[in-house]
Structures are given as C-alpha cells and as structure tokens.
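Student: I'll drop the sequence and a predicted model, then ask my questions.
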Amino acid sequence: MVRAASFRNGIKRGVWDEEEDNKLRDHINRYGHLNWRLLPLFAGLKRCGKSCRLRWVNYLKPGIRRGNFTQEEEHLIMQLHNQLGNKWSSIAAHFPGRTDNDIKNYWHAHIQKRRARHKGAATQSSDSNSSTITTCPNQNTPAENIGVFESNTDSDFNLHNIVEQECYGMDENVMDLLRDSSDYEIGSWSLNAAIEQDCFNNMNFGGEYYGKLEI
DNA sequence: AACACATTCAACCGCAGTCCC
DNA sequence: CGGGACTGCGGTTGAATGTGT
C-alpha cells in the first residue's frame, strides 16, 4: 500500500523503514526541527527535508491517532467541510491527533464515494418512483422553523425518498447526515438530530431552500 | 488457485504564502 | 521592493492489500 523505495539523485524516496523512522524520531526528540531542509543531513537520512517533515507530521509525531473514524467524527468532517471547503488542515485542527492527510484520504475514500453511490441510486429510484413532494421553498422561513417535517411513515414517502431525490437543493453534507441516521427510512429522528447539531444554520441552509416541508 | 478489479493510504508533486536578506 | 529559501497545504499518484469471479 506504499510506494516502493527508490533513489533519485541520491535522495531516497518511497516507503520509510524502521531504521529511518528511528533516526528521524531520535533526532527531532533531541534537537527539534528548526530547519527541515538541513535536518536529514544532521539526522543521517538520505531523504529530502520535505519527506522528513511529512513523515514526522503524519506518522511519527507523538499523539497521532490512527484507525477508523467514528460516526461522530465523520459527521463533524462533513459539517466542517461544508463550512470551510477543502481546507483540510483547518478541518484537522478540530480533530486532535488526526492529520490533514488522514482526513483528506478519508473524505475521498469514504464520503465522496458514498455520495456517488447514493447519487446513482437516486437516479434509478427517481425514475421509477411516482411520488411527488410539495414544498414551500423560498418562504424565507426563519432558520429555527426549518425542521418542520411531517412524515407519514405508512406511505412510501419518507426521508429516504426526499434525500435520494434531492428535490430541495439540499446540501450534500446534510443529505449525508440524514442518510447515516439509523432510522433513515423513517426520517424524523435524523432530521431532528441534524437540527440539534446546528447543521442547517452552519451550512447556510436556512430559509433559502426550505420552508415547511409538507408531504 | 489464479486472475482482475477495487480500495486504501502513505508518499510525492507543485504551488502559494511567509520570511529574510 | 525584489528575489531566493523555506514551509505548509491541497491534489494526485501508485503500490500493497482486499474482494470478487
């Protein structure tokens, strides 16, 4: 899963081995990293400074947290991404121990792909689904009233359909939040949860797209 | 078992911003 | 002010690993 080690102009590239990690860790623990360009020279590494910095920042620095992201973390990533865009370092600042690279990878590997899947499914389902939604968009409804959501769970119309059909110009991140809800098929709980998390307010979601949702 | 395709994630690349002379 | 050196960031790559056929 890593690039094979190779040399170019005397500089080693690719995967780091344990000995290199130890050299880098020991050197920084002793002397710090005031100058990344000169650091490999003094640490006895055949790497460029950039590579050393990346290795330290993403993997060797104490306190780095690895492993799976929790659902809460994923939701927060989506919220922050909506606010900040692809400012991975700013997003990572909200996750102690997580690196921007980790979050960026997670975003591309999980969240974006899931969206693509959902979009594909939405196209298919909307073709065969004859349900219609009546909304009152553009009512300039205050944000605190946005969450009004009336759902008849006996009908075949539920949050799933709303989200998958993307009928409201709904923000992608909000849709992801709703999709992830355990009672996605019913919807009311997850919408409330999203409201509780201030998703709508934070995402410039209020008023512009939603009035009262009537189904 | 063997192959093909998909996924993951560590690492590289290029660019922009900052600092210093 | 201009230019070079350096750092940090975001986009992208590519090889190992996983999964399906």
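Tutor: Structure received. Numbering: from 1, shown residues only, chains lettered A, B, ... in the order given.

Student: Which parts of chain A are strands?
Tutor: All strands of chain A, identified by DSSP state E, fall at A:6-8, A:11-13, A:134-135, A:213-214.

Student: okay, A:Leu39: pLDDT?
Tutor: The per-residue pLDDT reported for A:Leu39 equals 90.

Student: That one and A:Ser51 touch, don't they?
Tutor: No: look at A:Leu39 against A:Ser51 with C-beta atoms under 8 Å: they stay out of range, at 10.3 Å. Where you see a C-beta, it was placed from the backbone N, CA and C, and this is true even at glycine.

Student: What residue spans form the domains of chain A?
Tutor: Domain assignment for chain A by automatic domain parsing gives A:6-60, A:71-214.

Student: is the shortest one anywhere near DNA strand B?
Tutor: Yes: in terms of C-beta under 7 Å from any atom of the strand, part of domain A:6-60 sits within range of DNA strand B, namely A:Arg8, A:Lys12, A:Arg13, A:Gly14, A:Val15, A:Trp16, A:Lys50, A:Ser51, A:Leu54, A:Arg55, A:Asn58, A:Tyr59.

Student: before we move on, the earlier item: confidence-wise, which of the domains of chain A is weakest overall?
Tutor: Ranked by mean pLDDT, these bottom out at domain A:71-214, with a mean of 54.

Student: if we can go back for a sec, what is the nearest of the residues of domain A:6-60 next to DNA strand B to DNA strand C?
Tutor: Nearest to DNA strand C out of those is A:Lys50 (C-beta to the nearest atom of the strand; 6.2 Å).

Student: what's the nearest residue to that closest one if we skip its chain neighbours?
Tutor: Leaving aside its sequence neighbours, A:Lys50 sits nearest to A:Trp36 (C-beta to C-beta, 6 or more residues apart in numbering; 6.9 Å).
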